[in-house]
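# Here is my input, please return the structure:
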Amino acid sequence: MEKKVYGFLQGIARRALAVLLLHVALFSSGYAAPAEGPASTIQKTKITLSITNGTLQDFFRKVESETLYKFSFDESEVSGRAKVSVQAKNEPLDKVLEKVAATTNLEFKQVNNNIHVRTRRTNMTQPKAYVAPVAQDVLRVSGKVTDENGAGLPGVTVSVKGTTNATSSDVNGNFSLTVPNGTGTLVLSYIGYMTQEVAIENRSTINVSLAPDMKALQEVVVVGYGAQEKEDITGSVSVIDNTAFDARPNTQIGNLIQGKTAGVQVLTNSGKPSAGFNIRIRGTSSILANSDPLYVVDGVPSADTRSLNPADIESISILKDASSAAIYGAQGANGVVLITTKRGRTEKPTFEFSTYTGVSQVWNTLDVLNAEQYRDLMTELGQNTDWSRYQENTDWQKEVFQNGSSLNYQLSVSGKTDKTNYYISGGWMKQNGAVRSSTMDRASFKVNFEQKLSNWLTVGTNMGYTRYHDVDVADNQAVNQGGVILGVLSTPPVIGVYNANGTFTSNPFQDWENPISSTDGSERNYRNQRLLGNVYGELQLLPGLKFRSSFGIDFISAINDYFLDPFRTSYGRARKGIGRNSTNLTDYWIMDNTLTYTKTLGNHNFSAMVGSVQQKYKWENNSIERTEFSGTAVTTPGAGAVIQTADANKSIRTNSSFISRVTYDFANKYLLTANFRADASSVFGPEVRWGYFPSASVGWRLSEETFFPKTNVVNDVKLRVGWGLVGNDTGLVPYAFLPRVGYGANYPIGGATQPGNYPLSIGNFQLGWEASEQTNVGLDLAFLNSRISLTVDAYLKKTTDMLLPIEVPRSTGFNGGDANVGSLQNKGLEFLVSSQNLVGDFSWTTDLNLSFNRNKITNILGQNFYGGGVAGRGDASLSREGSPLALFYGYQWGGVDPATGMAYYINQNGESTFTPSPDDRTIIGNPNPDFIYGVTNTFSYKNFGLSIFLQGSQGNDIFNATRIEMEGMSDPKNQGISVINRWRNPGDVTDIPRAVWANTDNSRISSRFVEDGSYVRLKTLTLSYNLPSTLLSKIKLNSLRIYATGENLFTLTDYSGFDPEVNAFGGANRAQGIDFGTYPQTRNLILGLNLSF
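Model prediction:
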């Protein structure tokens, strides 16, 4: 696999080098000549050229190739002009333009790096006569809107001035609309470009080139309690906007992030519709505490993103280093994901409708024994029965796996005026999984509204409601615990699905029912309703001084119902049915108030922000389980006769914070950002309740220095350095510093047993924050007039004061307690490359990211932390000092003894043994990848588009615990096809041991089951078509796009399991990369449509 992946990556590298050389070859003539930078003028720019009897377009192209300037013009004003003959040797450009103006009756005006061209309006000694054609009652005007490079601009608003008659350009920049009497003025407007007006004058074709609005083009990045222009960012911040989202249908936030930026590892735990994602920003930062990043949706922190509708997302900013995340203090140690939802973008109300439908299937199945092979194995194990009763040959993978389906609808309306901005949407999605009975559906409603009540007061709200429902299936569990995926593989093929009486069939030798009893024999319903959002107001107190107050909420009501049929399953019959219900209520609110001041004095730009944040989190849970149901008519727990368990819990935690930020830049050259946050949390004791989290970062734009060569080969260079301290308070329950008591003890009092409480844990009033000190050095480069950009970051994260259990004196009456004693570190490199390879009718862009991270535990007081218990064989993972987190731990596999057929292992002395001791266990694998990467290539030709997204991981191991079940041959489970090669007779040479009933020595946790988990996956491929503007105008639409998407179309891997993108233990820090019957990833085929009007 390593050779395959490295060969694949070498191919990518060769193509990237070829693209770079292509750029240099195409543009070297312009870059080789002396040219002034963006701050230059046409008077200072000198040029050498020779043109004889050429067109104006020839002249424009020659000047553009020799300088940094681009011409902006209306084709109708340029075409048909006199030929141009110009000879110039090292002459100022303005003098050359004057020569051309004298012979063509044109005038030229420099605006930044653009030269605007138009017919001379004054001092015309011999103006040409102009005869207008006869006016028509209705004139259809068509044309194309292009940017400064000649590429078509999609979504440009084209309107007739003073009317409501308007349309938008299509994906290639083409537009068409009808104009009464063929008169009036077209107004063309587009975000990031200067609005342009063009007189119609009875012309049926009008082509316009828009000039960039340099001020508007400064990309604004949300950075937490504010925003900064992207070029002023000094920390490590990645931005993913909705142009990346539109290339594929998305069901969850994790889909939007995976493989799209460097330093962020997104793991899909399973293929279930309800499965979430585990996101790690620059590695895992703790052993016991949560390592998930903080999610902030429109300013409101959130823990659950499954219920969010990705169609409402405008952009995602990922704060990766402490200099960026320190503004979130005690919640920022694992990085911060800032999610901004959509706003109105056009003055005309815009309706957008999208829908898609798709099918899915498990892309890989595993070979297992057929009925005859299974009977042979059982006979060899000495398990005989009346086989005439078991003559089926059931393929359980076919019975349980199915063609899944998906359906999605989304409708929104948005718009803005000078005082109002609004976005309103509704969406509905349903997924049926590729495993029987697994489903998920989500309905959402979103309102973003902002109103400017006066010049000094603005109010608004961002509010969303979601109803989420799923039916789960059990995976990552053994077959005797109801694990469906392992049941699919290990259920004997000799039985059918149902007995004659309608009950589910069981294994011939044990009372383990087939996997359909788990999918169909019980009711499992999870229902979630959520209200997430905020209301806010902004006061413009003085010029540059603004006060903002926001109140946010996150209310969640979640109900989980379970009912096991008292008749159809053996376990249900034994318990006479089981009914469970649990209700969880989450009540969270946040209030933040900030005061911001901005000031510009010449080249000095300054801003300062101070504020306070108050938060309160309240959680309640009630649960009950009852058994002994008389029937299935009523399935709620109240119908059960016997209460098995009943429980109720409640917790509250509060946080109080003060925040501040200062930014400064001089001439866009020297940049400074400093943050400070003070946090108090009720989790910790009074003496250590406050934590203080400072950060600072600086930037130096070398390309603005006078000594930097003014050339477009390298046209932007920025160096960034940042340091910061952030915290983590997620590893403890509320008031963890206090001694706690448990309930359920019995005491003899007065000759009778009385219920009571008992001491549960020892207190620690010095229990405090986990702290993460982080340093980041970054470099931003732009080449070839910014057609290629490169970002490189190097970082070091040191987590100290980790919360760990420690031993305490036995005299206390407790076995241990918690203390801040551990430390670990992550360090790594990140590369992010974007390139515009081709522009024009055929365009091609590439985005590539590559991330390296190394994790090391530096101090845990010599303790060992275990995790990943599987298959009744013990723990498969170990975390210890001096090593990376969650290494695989077990016996070193030696092979199979040809004489006896028994497995042997290598002990700590290097000797072979059939019976190793626990002390012989050692490190047998590493689930942490050497590097992860993602590559997106986007192609467009006229109205067609193609997006190809590859994602992969290299150098990580997987512990395939599923093989323990499938190659153990010690019980009546069906086995994998590999056991055909098992040892049978003395002298057999094989790597599969003999079959031995009730003996697990041959299937210990060992290096035998560690496999290379590297993979390259075609994550998505999308082919799209945009309807031309000429057709759109006839059906009164602004845009219409149809597309077909394939997901997980192929995966290149040597892993033998269902899928290499797996983790049976979800986000557990101490157990990663373990496969134990995980619901496999699916291959999806989707057809979709987007339209707007």
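
# Domain parsing of the chain, as residue ranges.
The chain breaks down by automatic domain parsing into domains covering 33-119, 138-209, 232-341.

# how far is the first one from where the chain is centred?
Translated: domain 33-119. 46 Å (CA atoms, centre = their mean, to the nearest Å).

# Comparing the domains of the chain by mean pLDDT, which bottoms out?
Mean pLDDT per stretch puts domain 33-119 lowest among these, at a mean of 74.

# contacting residues around the spatially most central residue of the chain?
Centroid check for the chain by CA atoms, centre = their mean gives I257 as the closest residue, at 2.0 Å. The contact partners of I257, by CB atoms under 8 Å, 6 or more residues apart in numbering, come to 240, 264, 266, 279, 316, 318, 337. Where you see a C-beta, it was placed from the backbone N, CA and C, and this is true even at glycine.

# Tell me if I'm right that the second one and S317 touch.
No - here V264 does not reach S317: they are 11.9 Å apart, not a contact under CB atoms under 8 Å.

# Name the residues contacting each of the two.
The contact lists of V264 and S317 share S238, where a contact means CB under 8 Å, 6+ apart.

# Just to check, N507 is in contact with T491?
Yes - taking CB under 8 Å as the definition, N507 is a contact partner of T491 at 7.0 Å.

# more crowded one of the two?
Taking neighbours as other CB atoms under 10 Å, N507 and T491 compare with T491 leading, 27 against 20.

# pretty sure that one contacts V479?
Yes - look at T491 against V479 with CB under 8 Å: they come within range, at 7.1 Å.

# about what we covered before: just the domains of the chain: most buried one?
A comparison of the domains of the chain by mean neighbour count, using mean count of other CB atoms under 10 Å, puts domain 232-341 on top with a mean of 23.

# that older thread, between N507 and T491, which contacts overlap?
K973.

# Which secondary structure element is home to D647?
strand 642-666 (DSSP states H and E).

# In its sheet, which strands sit next to that strand, and in what direction?
Sheet pairing for strand 642-666, assigned by DSSP bridges, gives strand 604-627 (antiparallel), strand 670-681 (antiparallel).

# what do T491 and V479 both touch?
In contact with both T491 and V479: 512, 515, 973, using CB under 8 Å, 6+ apart.

# neighbours around V662, how many?
V662: 15 neighbours (other CB under 10 Å).

# in terms of contact, does G882 touch K856 like I think?
Yes - at 7.2 Å, G882 and K856 qualify as touching, with contact defined as CB under 8 Å.

# higher neighbour count, those two?
K856 (15 against 9).

# Next up, the contacts around the more buried one.
K856 neighbours (CB under 8 Å, 6+ apart): 824-826, 882-884.

# change it to 6 Å
Q825 (CB atoms under 6 Å, 6 or more residues apart in numbering).

# how about it, phi and psi?
phi -150, psi 130 (degrees, to the nearest 10).

# partners of it in the sheet?
For K856, the beta-bridge partners are Q825 (DSSP bridges).

# For E625, see how far away it is.
According to CB to CB, to the nearest Å, K856 and E625 sit 44 Å apart.

# Tell me the pLDDT of E704.
88.

# Surely it is in contact with L671?
No - counting by CB atoms under 6 Å, E704 does not reach L671; the two are 10.6 Å apart.

# Number of residues surrounding S1039?
If we define neighbours as other CB under 10 Å, then S1039 has 21 of them.

# Okay, helices next: where are they in the stretch 401-550 of the chain?
With helices called from DSSP state H, counting those that start in this stretch, the stretch 401-550 of the chain shows them at 484-490, 516-520.

# Can you say which of these is nearest to G173?
helix 484-490 (50.1 Å; CB to CB).

# Give me the mean pLDDT for the closest one.
93.

# Tell me the pLDDT of R1004.
95.

# Could you do the one 3 residues further on as well?
Residue-level confidence at S1007 comes out at 97, pLDDT.

# Next up, the contacts around it.
For S1007, the contacting residues are 892-893, 924, by CB under 6 Å, 6+ apart.

# if we can go back for a sec, of the strands paired with strand 642-666, which approaches A88 most closely?
Using CB to CB, those put strand 670-681 closest to A88, at 38.3 Å.
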